[in-house]
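Visitor: What follows is a predicted protein model with its sequence.
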Amino acid sequence: MIYLWAVSSFAGLTVALAAMLMIAERFLVNYGICKLDVNAGEKPLEVAGGQTLLSVLYANEIFIPSACGGKGSCGHCRITVTSGGGPVLPTETPYLTRKEIRAKLRLACQVKIREDIYVRIPAELLNVKMFASTVESARELTHDIKEIRLRLEEPAEISHRPGQYIQVQAPSADGPVYRAYSISSPVYEPNIVELVVRLVPGGIGSTYLHNLNTGDAVSFTGPYGEFQLNEDPSVEIVCVGGGCGMAPMKNIIYTLYDRWPDRSCWLFFGCRTTYDVFYFKQFEELARKHPNFHMVYALSDELGEGERWDGERGFVHLSVDKHLEAGLKRQAFLCGPPPMIEAVTRVLEEKGVRPDDVFYDEF
């Protein structure tokens, strides 16, 4: 009993001391004005010290990815800090490999500006903008997935690659937070951003989006993402998704057939039940127009009472294995839960698809 009391007392004192140090730093330490140098003088800034690097970048309209709102729990806000960032913190190491640490990558949300600091940011991220939009339409696709179409107001158009995503600004008790969602509308609709959003119980972003009505204002930043569609029309495209992982697939496929009407493409989409199937008729119509487009929906659960299904059964990676012949030049785009990504990646490797030709988003 005495041992437990001693341990709990020590833990309590440690927490209290840490809190006091944080308060003291916030109110008593003045770091003055610090220089923030972005890309060797490309965007020099003078900022008040004591703030996180992420918050300063956002305040100066440099929007780098950050799905967790700066809480250090997503690992997306990685940028190169060449000097002035201080030591790597324990809160950063779970998200950085040793190679990345040696390359001076840091989590911007965990780096505090206490002195002049020098950073490198990919040029593509310096072109990311804040967009103002209004809800043009919102409709249910399944019991927990909605399609939300946003019409852009300012700027009036967005230039993005198929498969990229935006970060929606959502209100929370702690202030605005950002959540990432793939763009499902094709690139030839520059004044529209369409999202496919699954409602996550307790999720800040999905709850906000699912409660929007026509005409509501929505702010977001973007575009982000590393998906790069191969420009060679002889390369077959393979899209594999599940649930709201349909979003980037829809963008890729419709963009593809707008530019290359005869290009070969496969869509494999995994659902649990018939109640989770959506866009099926829409893709059937696309397949009638473009004979080289092949769509395969697969159900993983047993059929319930009243359900009818003539299509594939089983996990979606089994359908990929069944329908794709080996040895063709391919590029693959995957979006879904990690187990699905891992299983499909193994199948694609067995079919001869190089790892560099497989792009994926996990959710």
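Guide: Perfect, I can see it now. Numbering: from 1, shown residues only.
Visitor: what are the phi and psi angles of His317?
Guide: Geometry field for His317 lists phi and psi as phi -70, psi -30, criterion degrees, to the nearest 10.
Visitor: Would you check that it makes contact with Pro339?
Guide: No - taking Cβ atoms under 8 Å as the definition, His317 is not a contact partner of Pro339, at 9.2 Å. The way it works is simple: take the backbone N, C-alpha and C, and place the C-beta from them, glycine included.
Visitor: When those two are compared, which one has more neighbours?
Guide: Counting neighbours by other Cβ atoms under 10 Å for His317 and for Pro339 shows that His317 has the greater number, 23 against 11.
Visitor: just the helices in the stretch 201-350 of the chain please.
Guide: In the stretch 201-350 of the chain, the segments counted as helices under DSSP state H, counting those that start in this stretch are 204-210, 246-259, 280-289, 316-323, 338-350.
Visitor: Glu305: which of these is closest?
Guide: Distance to Glu305, taken as Cβ to Cβ, is lowest for helix 280-289 among these, at 21.0 Å.
Visitor: Of all the residues in that closest one, which ones are buried?
Guide: Within helix 280-289, the residues scored as buried using 16 or more other Cβ atoms under 10 Å are Phe283, Leu286.
Visitor: what packs against it?
Guide: Applying 3 or more Cβ pairs under 8 Å, 6 or more residues apart in numbering; DSSP states H and E, one finds that helix 280-289 contacts helix 246-259, strand 293-299.
Visitor: Any chance of TSV for these, columns mean neighbour count and distance to Gly311?
Guide: Shown next, in TSV, are the helices and strands packed on helix 280-289 (neighbours: other Cβ atoms under 10 Å; distance: least, Cβ to Cβ, whole Å):
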stretch	mean neighbour count	distance to Gly311
helix 246-259	23	16
strand 293-299	20	5
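Visitor: Same list, these, but as CSV with mean pLDDT and distance to Arg102 please.
Guide: Putting the helices and strands packed on helix 280-289 into CSV (pLDDT from 0 to 100; distance: least, Cβ to Cβ, whole Å) gives the following:
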stretch, mean pLDDT, distance to Arg102
helix 246-259, 97, 32
strand 293-299, 97, 43
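Visitor: Ser55: which of the ones you listed is closest?
Guide: When those are compared by Cβ to Cβ, helix 246-259 sits nearest Ser55, at 28.7 Å.
Visitor: Touching that closest one from outside, list them.
Guide: 162-165, 181-188, 195-196, 227, 229, 237, 239-241, 263, 265, 267, 269, 278-279, 283, 286, 289-290, 293, 333, 335, 361 (Cβ atoms under 8 Å, 6 or more residues apart in numbering).
Visitor: Direction included, what does the longest strand anywhere in the chain pair up with?
Guide: Residue-count comparison of every strand in the chain, with assignments taken from DSSP state E, identifies strand 129-140 as the longest. Paired neighbours of strand 129-140 in the sheet (DSSP bridges): strand 145-154 (antiparallel), strand 217-224 (antiparallel).
Visitor: one step back: and of the helices of the stretch 201-350 of the chain, who's closest to Leu299?
Guide: For the helices of the stretch 201-350 of the chain, distance to Leu299 was read as Cβ to Cβ. The smallest value, 9.5 Å, belongs to helix 316-323.
Visitor: In PDB, list the C-alpha atoms belonging to the closest one.
Guide: What follows is helix 316-323, C-alpha atoms only, in PDB (Å, rounded to 0.1, in the frame of the first residue of the first chain):
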ATOM      1  CA  VAL A 316     -11.700  -8.000 -52.600                       C
ATOM      2  CA  HIS A 317      -8.100  -9.200 -52.900                       C
ATOM      3  CA  LEU A 318      -9.300 -12.600 -54.000                       C
ATOM      4  CA  SER A 319     -11.100 -11.000 -56.900                       C
ATOM      5  CA  VAL A 320      -8.000  -9.100 -57.900                       C
ATOM      6  CA  ASP A 321      -6.100 -12.400 -57.900                       C
ATOM      7  CA  LYS A 322      -8.800 -14.100 -59.900                       C
ATOM      8  CA  HIS A 323      -9.200 -11.500 -62.700                       C
END
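Visitor: which residues does Ala287 contact?
Guide: The contact partners of Ala287, taken as Cβ under 8 Å, 6+ apart, are Phe293, His294, Met295.
Visitor: Export these to TSV and append columns for distance to Ile64.
Guide: TSV is the format used below for the contacts of Ala287 (distance: Cβ to Cβ, whole Å):
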residue	distance to Ile64
Phe293	36
His294	38
Met295	36
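Visitor: Can you tell me the closest non-neighbouring residue to Ile192?
Guide: Distance criterion Cβ to Cβ, 6 or more residues apart in numbering; nearest residue to Ile192, sequence neighbours excluded, is Ser185 at 5.0 Å.
Visitor: what does Glu154 give?
Guide: Counting by Cβ to Cβ, 6+ apart, the nearest residue to Glu154 once its immediate chain neighbours are dropped is Ala132, at 4.5 Å.
Visitor: Okay, and Val193 sits in which element?
Guide: When secondary structure is defined by DSSP states H and E, Val193 falls within strand 192-198.
Visitor: Tell me what angle that strand forms with strand 145-154.
Guide: Angle between the axes of strand 192-198 and strand 145-154 is 150 degrees (criterion: axes from the mean of the first three to the mean of the last three Cα atoms, to 10 degrees).
Visitor: Average pLDDT for strand 192-198, rounded please.
Guide: Regarding strand 192-198, the rounded mean pLDDT is 97.
Visitor: Equivalent analysis for stretch 214-234, please.
Guide: Mean predicted lDDT for stretch 214-234 stands at 94.
Visitor: Perfect, that will be all.
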